[in-house]
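> My questions are about this predicted structure, shown below with the sequence.
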Amino acid sequence: MSEARPRIAPLSPPYPPQIQAQFDRIMRGAPPLVLFRVMAGHGRAWDKFRAGGLLDPGPLSLRQREIVIDRTCALNGCEYEWGVHVAIFAGPAKLTPEEVRATALGDANSPLWSPAEQALIAAVDALHHRATLSDDEFAALSAHYDEAQILEIMLLCGFYRTVSYLANGLRLPLEQNAARFPE
């Protein structure tokens, strides 16, 4: 971790048994992220945060989910969460280094993306910039994704915008093994 300190102090070990058990379930043996340690220090916020999590198997593929999350975090300038997701999930999601870079610096028209992924990225961009989808954007998304998937896309965009607010607003130090934004 860098030398920066978050604006709200994270919990330090040893953690209360219930919190340790939650960290163990979420992190699967890895040390808890600073974001989780900050949130866990405030019961209501931690409970609401965990209830909103969308990392369980859902209607999107891992690749689709990570494209949405990475793009949302990049658009929000949230290097903290973008870097965590790239480090943990880019490989399993089969995102190439060029695709990872494009989540931060590219656009929806990049030939790196399939037509379905182009529609996905265009929707993320529209939701970020206008908090809505035009009829054409919704139709493009609907050509590739069903209603459950479209709702999941919107929920992911909203949840990771919230995560971006938390990480950026709290000035969380970047995790040591997380990826960094491309230049």
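Cool, got the structure.

> contacts, neighbours, all on C-alpha from now
OK.

> Give the other helices and strands that the longest helix belonging to the chain contacts.
Secondary structure of the chain read by DSSP state H shows that its longest helix is helix 147-169. When contacts are defined as 3 or more Cα pairs under 8 Å, 6 or more residues apart in numbering; DSSP states H and E, helix 147-169 packs onto helix 62-75, helix 79-89, helix 115-130.

> Return the distance of it from the chain's centre.
Here the centre of helix 147-169 is set off from its chain's centre by 7 Å, with Cα atoms, centre = their mean, to the nearest Å.

> Give me the contacts around that helix.
35, 52-54, 58-60, 65, 68-69, 72-73, 76-78, 80-81, 124, 127-128, 141-142 (Cα atoms under 8 Å, 6 or more residues apart in numbering).

> just to revisit the earlier point, show me which of the helices and strands packed on helix 147-169 has the highest average neighbour count.
helix 62-75 (a mean of 24; mean count of other Cα atoms under 10 Å).

> Quick one: closest of the helices and strands packed on helix 147-169 to N109.
Closest to N109 of the helices and strands packed on helix 147-169 is helix 115-130 (Cα to Cα; 6.1 Å).

> export that closest one as CSV, just CAs?
Taking Å, rounded to 0.1, in the frame of the first residue of the first chain, the C-alpha atoms of helix 115-130 are listed here in CSV:
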residue,chain,number,x,y,z
PRO,A,115,-20.8,-5.9,-31.2
ALA,A,116,-22.4,-7.0,-27.9
GLU,A,117,-19.5,-5.6,-25.9
GLN,A,118,-19.7,-2.3,-27.9
ALA,A,119,-23.4,-2.0,-27.0
LEU,A,120,-22.4,-2.8,-23.4
ILE,A,121,-19.7,-0.1,-23.2
ALA,A,122,-22.0,2.4,-25.0
ALA,A,123,-24.6,1.8,-22.4
VAL,A,124,-22.1,2.2,-19.5
ASP,A,125,-21.0,5.5,-21.1
ALA,A,126,-24.5,6.8,-21.5
LEU,A,127,-25.5,5.9,-18.0
HIS,A,128,-22.4,7.6,-16.7
HIS,A,129,-22.8,10.8,-18.7
ARG,A,130,-26.6,11.1,-18.8
